[in-house]
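1. For reference, the sequence and a predicted model appear below.
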Protein chains: 2
Amino acid sequence: MANIAVLGYGTVGSGVVEVINTNRKNIESKANDNINIKYVLDLREFPDDPVQKILTHDFEDIINDDTIDVVVEVMGGTKPAFDFVKRSLEAGKSVCTSNKELVAAHGDELMAIAQENNVNFLFEASVGGGIPIIRPINRSITSDKILKIMGILNGTTNYMLTKMSREGLDYGDVLKDAQQKGYAERNPAADVEGFDACRKIAILTSLATGKRVDFNDIPTEGITNIGKKDIEYVNKMGASIKLLASADLSTENIWARVAPTIIMQENPLSSVNDVFNAILLEGNMLGEVMFYGKGAGKLATAAAVVSDIVEAIKHKGINLGVNWSKEKQELSDINEVEVRELVRVSYEDENKAKEGIISLFGEAAFIDLDENDDEFAFLTRKMREGSLKEKLGSLERSGSVKKVLNNIRVEG
Amino acid sequence: MANIAVLGYGTVGSGVVEVINTNRKNIESKANDNINIKYVLDLREFPDDPVQKILTHDFEDIINDDTIDVVVEVMGGTKPAFDFVKRSLEAGKSVCTSNKELVAAHGDELMAIAQENNVNFLFEASVGGGIPIIRPINRSITSDKILKIMGILNGTTNYMLTKMSREGLDYGDVLKDAQQKGYAERNPAADVEGFDACRKIAILTSLATGKRVDFNDIPTEGITNIGKKDIEYVNKMGASIKLLASADLSTENIWARVAPTIIMQENPLSSVNDVFNAILLEGNMLGEVMFYGKGAGKLATAAAVVSDIVEAIKHKGINLGVNWSKEKQELSDINEVEVRELVRVSYEDENKAKEGIISLFGEAAFIDLDENDDEFAFLTRKMREGSLKEKLGSLERSGSVKKVLNNIRVEG
């Protein structure tokens, strides 16, 4: 019999209880043990829910109970989650969490504590919701050097960008719709500013390098700057726009970034729509593999947490030994990274504008949506991001264009 | 130090040696042990290859060497592979194999022997080449009841169908091209008749049910019957045609099948092209997840084998306990399964043909490619496959159409 305690009875926590109760027979056969949910910790009361019988308001009940094998942390945030998780591991209990903030901020430290105490710290649900990605990186892609990670890691923004593309709507309108549907929070910053995707790519990059990638070091742009007009150009290119979280580990100059990115049709990420997430990995031996599925949602996320519970029960007393050291992984200056961009400019004199662009950028592919407005766009060739920024500054200062309206990175 | 022996120095076997030598540092850090390739078994000589130094022609050298921890079986076929693998497991050595024929025919038995001897029988590379799919099913999708499996599991036929669709070529021409490029064998039956995909879906369905699915029970059709004209209708539908291997486990009437299938654009499998493979799983909790990547190729397949070697080394003396019993999983009569089909017919009198179809099939969506030829197609509604077949027989006998030219299943 394995006893577990669930910290937090919110969306994911109640999902964990539901998944275990619905699929108990399957799950216990995979875990090769019976599962008993002994405690649920929450400050609230749930008088109409059977969980009330096992509810506690005091974490000390759990930490002092030696029969608890696995603690499931699904409270979110780092306070008091970090303290609870740390104490659980130190007390010889494995911890399974969906908490990307906790993992991104303290993953290296918690992993080390788990190792010292011969238990496991597992976090499949922290990236990609229900998509198996953490265990595949740790257990399946073990014979490759990972060269590249590209992910659509935030369902809310992907829903919004998909809706903007399909229905020609502007940012503000789709945000309202996403909030009404419950996909976006009243304060949507964590999603639309890219903070959520930033923490997730920090976790994946840490696992790929085996070192600690600080999410504060990752240049992060959200989608608030993407408008209806930008999307019209993207549609004309036959491409998609996604909030892309990526990391390049192919050289010693490792970098990571989160930014809205135009993705050409050949890339399998271009057809990942709505609230779906996907992660594309490139290995030096196996080439490209992609993992696709629901990146959020109560049951999908809970299913990933429960798969960690199964793993923890099967490996009682055996630390699975994931490589995530405390050594810091330095990231390269993003200005040194080569990029290609779609640049929208307004003009007074179209010919003068195009001449100015060609003299600065050399070759450039022009895209015009409407002969009767005063703007067009052009695709640059690949160049260092720093020198692209400089050129865009020079272009405005030269007076050959009126204004650079927007510039968006393009991925092949 | 972990000592391994590789049985067979063909494409995959030489790939395994190459992957280990190229990524040795990474791999040994993941395995937490050094790896020594102590023997390579092959009947041939390789005088210009460093492998010659560790080459043996006699399996007895390997089986009698107590220092060998892991045997890598990449010979293919079942004779003598089955005997070698069985004896290795009985001698307390873990086995990693890419051999789908062996796994489909003897997986249950070899799994039991591995369990008795506290070693592991691993076969990640037997389905989907480099795509992690076996371990994700066994280790990640453990909290779900798998309801559905849909896979593009054969790269050769996917390359051929993609080329037919894009270039308007006929079957015979793309087969020649695939043979020239080395994607298809001189005797292409295993691929184009669907035998390869059949074994792979049998393996996946066995793992999902935990019982033994006999590949001989799976109705299997290849792509030899698909022509240029069929593809024109598919293109007009905005859909794709794929050799689809599928299994339905959502009710007690479990079935599996391999057949060319029209896949509508909304399904993420529809954009899996060329030699790529993909497997879409539906869980009762996590919804749809898809795994995508290179389904074949020397290094991709070898990378999957080496990831099994890492797993075997990490779990020395610990059987990972996969649920694949010897109990037979009976499959339902495929005639009872509900399908929808695209049916091509030729006619003498177009109106009479359409009236005949409507009177037999009720509603039907007609698709006409060319007003001037003597054929059109129609999409049936969903009905039992058996009754659809009967209706097609009646349609021909009624004389309202000249001939049923082809009928192809359609997946949403």
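-> Cool, the structure landed.
2. Straight-line length of stretch A:393-412, end to end?
-> Taking CA to CA, to the nearest Å, the first and last residues of stretch A:393-412 lie 25 Å apart.
3. Buried residues, it. List them.
-> By 16 or more other CB atoms under 10 Å in any protein chain shown, the buried positions in stretch A:393-412 come out as A:L395, A:S400, A:V401, A:N406, A:N407, A:I408, A:R409, A:V410, A:E411. For every residue, glycine as well, the C-beta is placed using N, CA and C.
4. Quick check: residues of the stretch 301-412 of chain A near chain B?
-> By CB under 8 Å from any CB of the partner chain, the residues of the stretch 301-412 of chain A that approach chain B are A:A302, A:A303, A:A304, A:V306, A:S307, A:I309, A:V310, A:E311, A:K314, A:I318, A:G321, A:N323.
5. Helices along the stretch 251-400 of chain A, start to end?
-> With helices called from DSSP state H, counting those that start in this stretch, the stretch 251-400 of chain A shows them at A:298-314, A:350-361, A:385-398.
6. Domain ranges for chain A, per the record?
-> A:2-129+A:298-314, A:136-294, A:335-411 (automatic domain parsing).
7. Pipe these into TSV and attach distance to B:P47 and mean pLDDT per row.
-> Listed next are these as TSV, based on distance: least, CB to CB, whole Å; pLDDT from 0 to 100:
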stretch	distance to B:P47	mean pLDDT
domain A:2-129+A:298-314	47	97
domain A:136-294	27	96
domain A:335-411	45	96
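8. Would you reformat those domains as JSON lines and include distance to B:G13?
-> Formatted as JSON lines, the domains of chain A follow (distance: least, CB to CB, whole Å):
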{"stretch": "domain A:2-129+A:298-314", "distance to B:G13": "32"}
{"stretch": "domain A:136-294", "distance to B:G13": "15"}
{"stretch": "domain A:335-411", "distance to B:G13": "36"}
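9. wait, which of those is closest to B:T97?
-> Of all these, domain A:136-294 sits nearest to B:T97, with 15.2 Å by CB to CB.
10. how far does the closest one stretch from start to finish?
-> One end of domain A:136-294 to the other measures 16 Å (CA to CA).
11. tell me the contacts of the closest residue to A:D217 other than its chain neighbours?
-> With sequence-adjacent residues excluded and distances taken as CB to CB, 6 or more residues apart in numbering or on different chains, A:D217 is closest to A:L331, at 4.9 Å. When the contact criterion is CB atoms under 8 Å, 6 or more residues apart in numbering or on different chains, the partners of A:L331 are A:V213, A:D217, A:I218, A:I254, A:W255, A:A256.
12. got a list of what the first one touches?
-> For A:V213, the residues meeting the contact criterion (CB under 8 Å, 6+ apart) are A:A202, A:T205, A:S206, A:A256, A:Q329, A:L331.
13. Neighbours of the third one, how many?
-> Think A:S206. 26 (other CB atoms under 10 Å in any protein chain shown).
14. ditto for the one 5 residues further on
-> By other CB under 10 Å, the residues close to A:K211 number 18.
15. if we can go back for a sec, and of the domains of chain A, who's closest to B:K389?
-> Closest to B:K389 of the domains of chain A, according to CB to CB: domain A:136-294, at 34.4 Å.
16. about what we covered before: can you pick out the most distant pair from the contacts of A:V213?
-> Across the contacts of A:V213, the longest distance by CB to CB is 11.5 Å; it joins A:S206 and A:L331.
17. Up against chain B, what does the stretch 51-200 of chain A have?
-> Within the stretch 51-200 of chain A, the positions near chain B by CB under 8 Å from any CB are A:124, A:130-132, A:135-136, A:139-145.
18. want to throw those residues into JSON lines with secondary structure?
-> Listed next are those as JSON lines, based on DSSP: H, G, I helix; E, B strand; the rest coil:
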{"residue": "A:E124", "secondary structure": "helix"}
{"residue": "A:G130", "secondary structure": "coil"}
{"residue": "A:I131", "secondary structure": "coil"}
{"residue": "A:P132", "secondary structure": "coil"}
{"residue": "A:R135", "secondary structure": "helix"}
{"residue": "A:P136", "secondary structure": "helix"}
{"residue": "A:R139", "secondary structure": "helix"}
{"residue": "A:S140", "secondary structure": "helix"}
{"residue": "A:I141", "secondary structure": "coil"}
{"residue": "A:T142", "secondary structure": "coil"}
{"residue": "A:S143", "secondary structure": "coil"}
{"residue": "A:D144", "secondary structure": "coil"}
{"residue": "A:K145", "secondary structure": "coil"}
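19. Please identify which of these is nearest to A:E355.
-> A:K145 (45.5 Å).
20. can I assume the closest one is in contact with A:E282?
-> No. The criterion here is CB atoms under 8 Å, and A:K145 misses it with A:E282 at 9.8 Å.
21. In CSV, list the C-alpha atoms belonging to stretch A:30-40.
-> In CSV, the C-alpha atoms belonging to stretch A:30-40 read as follows (Å, rounded to 0.1, in the frame of the first residue of the first chain):
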residue,chain,number,x,y,z
LYS,A,30,1.1,-0.1,-13.4
ALA,A,31,2.3,1.0,-10.0
ASN,A,32,2.2,-2.6,-8.8
ASP,A,33,0.8,-1.4,-5.5
ASN,A,34,-2.4,-0.1,-4.0
ILE,A,35,-2.8,3.6,-3.7
ASN,A,36,-4.3,5.4,-0.7
ILE,A,37,-4.9,9.1,-0.8
LYS,A,38,-4.5,9.7,3.0
TYR,A,39,-4.5,13.5,3.2
VAL,A,40,-5.5,16.5,1.1
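22. Just the buried positions in that stretch, please.
-> Those would be A:K30, A:A31, A:D33, A:I35, A:I37, A:K38, A:Y39, A:V40, for stretch A:30-40 by 16+ other CB under 10 Å.
23. which one of the residues you listed sits closest to chain B?
-> A:K30 (4.1 Å; CB to the nearest CB).
24. helix/strand/coil for the closest one?
-> Looking at A:K30 with three-state DSSP, the answer is helix.
25. Pull the contacting residues for it.
-> Contacts of A:K30 (CB under 8 Å, 6+ apart): A:V310, A:K314, B:T142, B:S143, B:N323.
26. one more time with 6 Å
-> Contact partners of A:K30, counting by CB atoms under 6 Å, 6 or more residues apart in numbering or on different chains, are A:V310, B:T142.
27. can you check the one 5 residues further on too?
-> In this structure, A:I35 makes contact with A:A2, A:E28, judged by CB under 6 Å, 6+ apart.
28. Which residues does stretch A:179-195 contact?
-> Identification of contacts with stretch A:179-195 by CB under 6 Å, 6+ apart yields A:N154, A:T156, A:T157, A:Y159, A:A178, A:D196, A:T220, A:E221, A:G222, A:I223, A:T224, A:V258.
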